[in-house]
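Colleague: Build me a structure from this.
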Amino acid sequence: MQVLRANINAPRQSTDSLAYYSTRLAPVTVKPRTGGTAATVDVLLTAAQSESYWLEAATHGAGVVKLTFYFLDRTNERMEVPADDTEWTLLKGDGTLVDGIFTPKTGTSANYAIVVAVRRSSDDIGVYGYKIIPVPFVSGQQ
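Modeller: Numbers count the residues shown, from 1 in each chain. The predicted structure is shown next:
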């Protein structure tokens, strides 16, 4: 088996989101030595993440997912990161992401999406959260 590596050291472009500093997808292609077909999978690479920041997902209508970006304050109380201090990125997936609300594209063949939220006011690359969302979304409470 041969593994081909992707270049993940490309410099950040001005059009890249803040998520570029914390998360990237690296496509990895695996080829059998004899016969068979090569397969490519996405590998999610993440920077060290603050355990004080995370995303939670909940249903928000038929097939729609609402994500909320939380952090623990100095008194260990769960707080929502203010909307104007959050940059949302749809790192992978078919659909739209607006202000933390992910709507999968109708009829998509994609079976998951990856959403990243970064706190804009922090210079620390560990101040982010990400969530891998199965499509169709099934809440853990169902």
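
Colleague: give me the number of residues near A83?
Modeller: 10 (other CB atoms under 10 Å). C-beta coordinates here come from the backbone N, C-alpha and C atoms, glycine included.

Colleague: Is the residue of the chain most remote from its centre part of a helix or strand, or is it coil?
Modeller: What lies farthest from the middle of the chain is T34; by CA atoms, centre = their mean that is 34.9 Å. With DSSP: H, G, I helix; E, B strand; the rest coil as the basis, T34 sits in coil.

Colleague: Per-residue confidence at M1, what does it come out as?
Modeller: Looking at M1, its pLDDT reads 40.

Colleague: Show me where the protein has its strands.
Modeller: Under the criterion DSSP state E, the chain carries strands at the ranges 2-4, 23-31, 39-46, 53-59, 65-72, 78-80, 86-92, 95-98, 101-104, 112-119, 128-134.

Colleague: got the buried residues for the second one?
Modeller: By neighbour count on 16 or more other CB atoms under 10 Å, the buried set for strand 23-31 is T23, R24.

Colleague: Go ahead and confirm D99 touches A83.
Modeller: Yes - contact criterion CB atoms under 8 Å: D99 and A83 qualify, at 6.4 Å.

Colleague: Could you export the strands of the chain to a markdown table, including columns for distance to D16?
Modeller: A markdown table is the format used below for those (distance: least, CB to CB, whole Å):
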| stretch | distance to D16 |
| --- | --- |
| strand 2-4 | 23 |
| strand 23-31 | 10 |
| strand 39-46 | 15 |
| strand 53-59 | 20 |
| strand 65-72 | 19 |
| strand 78-80 | 25 |
| strand 86-92 | 9 |
| strand 95-98 | 16 |
| strand 101-104 | 20 |
| strand 112-119 | 12 |
| strand 128-134 | 14 |
